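> Got a sequence here, can you model it:
(2 chains)
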Amino acid sequence: MRAALILLPALLLAGCERAPAVTFADASITLPDDPLDLPDLEGREAVIANCTACHSPSTMLQQPKIPREKWESQVTKMIEIYKAPIDEAAIPQIVDYMVAVQAAQAETGPAQ
Amino acid sequence: MSDERLTRRALIAGAGAGGLGAALAAPVLAQKLIDLGLPGGPSLRPLEPAFPGKGEMIVQRIRPPLLETPMAAFREGGITPNDRFFVRWNWSMPTAINAAAHRVAIGGAVKAPVALALDDIASAGATVEVVAINQCAGNGRGLSEPRVTGTQWGNGAMGCARWTGVRLRDVLANAGVAPGAARVRFAGLDVPMTDGAPQFIKSIPMDIAMRDDVLVAWGMNGEPLPLLHGYPLRIVVPGWFSTYWVKMLSTIEVLTGEDESYYVAKSYRMPAAPITPADKDFDTVPIAAMPPRAFITSHADGAVVAKGKLLTLEGIAMGGEAALSKVDLLGEGWEASCTLGPDEGPYAFRRWSVTIPQVTGDLANIGARAANAKGAVQPETLNWNPSGYARNVIERITLRAQ
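The predicted model follows:
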């Protein structure tokens, strides 16, 4: 980031309480892209179309293993509370995909 | 404390000849990974990609960023450097700030609504510094058993910095608080990614808002707030969880009644009384003030120590909403008082150390236990809740004597 801001020594402030203590500059950063991709399992397209706008693939792959019903309630929560514009027909595909991903993770090792 | 063995896993596209292993192996270069010791996994997290202004961080999410501090960073001292400080955004935030155009609107139950420029804020009152811990309400959530959903943090969603700014009450004085004011609500420039989703806005009671040490801050450890930490301004509420420390502050709204907004009325809430994982209906209260916590930073779980030798253990501790009063090291059937290091104020990390004269065998399930000036003491068992908030169970590790 390119912000240049000067914190004046406290001594300088004594007796001149109303003087600005800092100067503010414009600032900008560039965020990195997500290097991970989603595993190629059934339902991947539905997840990409409905979920990845808000959820990085890396985050989706890091969730603790939860049962199908819990994934269903998660998708419902995204629709009802966070107003995710999810196609109703895609809900079972998204749920199937997350269940399959977690089953595959369980097979390939506990840590991943 | 979680085990943080560093590992390097080569993710090779095509490995496993088309099986599920191949499907899971994304076509990227070898990644440097860290093991957070999350029960049941997935427990490995990448330390990449790099984020602007950041050193090595645990990447929990890329957009909006969730970056966790590796526990090794807490070995260095009581202050967490800006480039190792954890990052947490609920919604997408802007990646550029035009300083001259930025305004903080003050409205609601005030005598005269105003929109203040950054210089107006900086000259609203005396410049104040406070050393305070900023900790995510969900810090350590990933260690919950049974596991709960949400960001799967280890214990690194916390840090301690020296914050510089003006008092919130001096900023509020520009608009004049009207009679009947009950709470002060904050909004920042981060906005929902979907139409109609709740904005991330948070409020604190009036008596907290008027405290001497509740700030509108622009400085973090003597530097401007990094953009990832809320440039140009963020709220600082020492002793309270970071959910209230709204970043990229753009709106201050004085409320006369309860806050019915989603992130206060529905989310970031704890059971009012202890529950079990089987309980479904229970009253909740907003998470607010922090309880005491302590961590061993000198040794990771499973580390080997020299049998027959003297051993010094070190760590950090916090009192939470009140000053730290005491840290004890607990073993199985024994405990020892720890010596506290320099005092940077009631809301800061304080280092502690204790020396065991002679290691006679494995040090099984040892943990540091903090207590604060209000009499709160870390519990032996997890105060489990479905959102994994306010974890402060004694964190235990085992050291192997050889």
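
> mind checking how far the host helix or strand of residue B:295 is from the chain centre?
Element membership for residue B:295, per DSSP states H and E: strand B:293-296. Here strand B:293-296 is found 14 Å from its chain centre; the criterion is C-alpha atoms, centre = their mean, to the nearest Å.

> for that strand, what is the average pLDDT?
In this model, strand B:293-296 carries a mean pLDDT of 98.

> which helices and strands does the next helix or strand after it pack with?
Where DSSP H and E defines the elements, the next helix or strand beyond strand B:293-296 is strand B:304-305. Applying 3 or more C-beta pairs under 8 Å, 6 or more residues apart in numbering or on different chains; DSSP states H and E, we find strand B:304-305 packed against strand B:396-401. Bear in mind the C-beta positions are built from the backbone N, C-alpha and C, glycine included.

> tell me which residues of the strand it packs on are tucked away?
Within strand B:396-401, the residues that qualify as buried by neighbour count (16 or more other C-beta atoms under 10 Å in any protein chain shown) are B:396, B:397, B:399.

> cool, and stretch B:92-104?
Result for stretch B:92-104 [16+ other C-beta under 10 Å]: buried residues B:92, B:93, B:94, B:97, B:99, B:102, B:104.

> Phi, psi for the residue of the stretch 251-400 of chain B found nearest chain A please.
Nearest residue of the stretch 251-400 of chain B to chain A, counting by C-beta to the nearest C-beta: residue B:262, 7.3 Å away. Torsion angles at residue B:262 (phi, psi; degrees, to the nearest 10) stand at phi -50, psi -50.

> Please name the residues that touch it.
A:81, B:198 (C-beta atoms under 8 Å, 6 or more residues apart in numbering or on different chains).

> For chain A, state which of the buried residues of stretch B:92-104 is nearest.
Among the buried residues of stretch B:92-104, and counting by C-beta to the nearest C-beta, the member closest to chain A is residue B:99, at 4.0 Å.

> Look up the closest residue to the closest one, ignoring the ones flanking it.
In this structure, residue B:99 finds its nearest non-sequential neighbour in residue A:24, 4.0 Å apart by C-beta to C-beta, 6 or more residues apart in numbering or on different chains.

> Mind naming the longest helix for chain A?
helix A:91-108 (DSSP state H).

> average pLDDT across that helix?
92.

> Tell me the helices and strands packed up against it.
So helix A:91-108, by 3+ C-beta pairs under 8 Å, 6+ apart, packs with helix A:44-50, helix A:68-80, helix B:20-24.

> Could you tell me the angle between it and helix A:68-80?
Orientation of helix A:91-108 against helix A:68-80 (axes from the mean of the first three to the mean of the last three C-alpha atoms, to 10 degrees) gives an angle of 130 degrees.

> quick one, what contacts residue 92?
No chain specified, so I'll use chain A. Contacts of residue A:92 by C-beta under 8 Å, 6+ apart: none found.

> meant chain B actually
Counting by C-beta under 8 Å, 6+ apart, residue B:92 has contacts B:63, B:64, B:190, B:191, B:193.

> so what's it bridging to?
In this entry, residue B:92 is beta-bridged to residue B:191, by DSSP bridges.

> for stretch A:62-69, which positions count as buried?
For stretch A:62-69, by 16+ other C-beta under 10 Å, it's A:62, A:63, A:64, A:65, A:66.

> Okay, and which of the residues you listed map to helices?
Going by DSSP H, the helices hold none of the buried residues of stretch A:62-69.

> what's the neighbour count on the nearest residue to residue B:39 once chain neighbours are set aside?
Take residue B:39 and drop its neighbours on the chain: the residue closest to it by C-beta to C-beta, 6+ apart is residue B:145, 5.3 Å away. Residue B:145 is flanked by 11 other residues according to other C-beta atoms under 10 Å in any protein chain shown.

> next one: residue B:201
17.

> restrict the buried residues of strand B:396-401 to those near chain A?
When C-beta under 8 Å from any C-beta of the partner chain is taken as the criterion, no member of those contacts chain A.

> would you list those in TSV and tack on pLDDT and distance to residue B:342?
Listed next are the buried residues of strand B:396-401 as TSV, based on pLDDT from 0 to 100; distance: C-beta to C-beta, whole Å:
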residue	pLDDT	distance to residue B:342
B:396	97	26
B:397	97	25
B:399	98	26
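
> can you pull the pLDDT of residue 58?
Because you didn't say which chain, this covers chain A. 79.

> could you do chain B instead?
97.

> if you skip the residues just before and after it, what's nearest to it?
residue B:68 (3.8 Å).

> re earlier: now do the contacts for the residue nearest to residue B:99.
Contacts of residue A:24 by C-beta under 8 Å, 6+ apart are A:3, A:5, B:99, B:102, B:118, B:119, B:122, B:218, B:224, B:232.

> do residue B:257 as well
B:182, B:183.

> From residue B:95, how far out is it?
Residue B:257 is 36 Å from residue B:95, where distance means C-beta to C-beta, to the nearest Å.

> Report the contact partners of residue B:395.
Neighbours of residue B:395 in contact, by C-beta under 8 Å, 6+ apart: B:1, B:155, B:293, B:294, B:295, B:296, B:367, B:368.

> any idea how far the second one is from chain A?
So the one you mean is residue B:155. 16 Å (C-beta to the nearest C-beta, to the nearest Å).

> Name the nearest residue to that residue, ignoring sequence neighbours.
Residue B:155 sits nearest to residue B:140 (C-beta to C-beta, 6+ apart), 4.8 Å away.

> Tell me how many other residues crowd that neighbour.
Other residues close to residue B:140 by other C-beta under 10 Å number 26.

> Residues of the stretch 101-250 of chain B that sit close to chain A?
Checking the stretch 101-250 of chain B against chain A by C-beta under 8 Å from any C-beta, the hits are B:102, B:118-119, B:122-123, B:125-127, B:129, B:142, B:147-149, B:152, B:164, B:166, B:192-198, B:218-219, B:222-224, B:226-228, B:231-232.

> Now which of those would you call buried?
Buried among these (16+ other C-beta under 10 Å): B:102, B:118-119, B:122-123, B:125, B:127, B:129, B:142, B:147-149, B:152, B:164, B:166, B:192-193, B:197-198, B:218-219, B:223-224, B:226-228, B:231-232.

> give me phi/psi at the residue most central in space within chain A?
Geometric centre of chain A, nearest residue: residue A:55, 4.4 Å, by C-alpha atoms, centre = their mean. Backbone torsions of residue A:55, given as degrees, to the nearest 10, read phi -110, psi 120.

> Residue B:336 and residue B:352 touch, don't they?
No: assessed by C-beta atoms under 8 Å, residue B:336 is found out of contact with residue B:352, at 11.0 Å.

> Could you check which of those two is surrounded by more residues?
residue B:352 (26 against 14).

> Relative to residue B:334, how far out is that one?
Distance from residue B:352 to residue B:334, by C-beta to C-beta: 17 Å.

> cool, residue A:51 as well?
50 Å.

> So the two - more neighbours on which side?
Applying other C-beta under 10 Å to residue A:51 and residue B:334 shows that residue A:51 carries more neighbours, namely 22 against 9.

> contacting residues for the more buried one?
Residue A:51 neighbours (C-beta under 8 Å, 6+ apart): A:60, A:78, A:84, A:86, A:94.

> One more pass at 7 Å, please.
residue A:94 (C-beta atoms under 7 Å, 6 or more residues apart in numbering or on different chains).

> and it, what are its phi and psi?
phi -120, psi -40.

> re earlier: can you tell me which of the buried residues of stretch A:62-69 are also in contact with chain B?
Filtering the buried residues of stretch A:62-69 for proximity to chain B by C-beta under 7 Å from any C-beta of the partner chain leaves A:62, A:63, A:64, A:65, A:66.

> which of those residues lies closest to chain B?
residue A:64 (4.0 Å).

> Not counting sequence-adjacent ones, nearest residue to the closest one?
That would be residue B:147: by C-beta to C-beta, 6+ apart, it lies 4.0 Å from residue A:64.

> how about the one you found, what does it touch?
Per C-beta under 7 Å, 6+ apart, neighbours of residue B:147: A:64, B:39, B:40.
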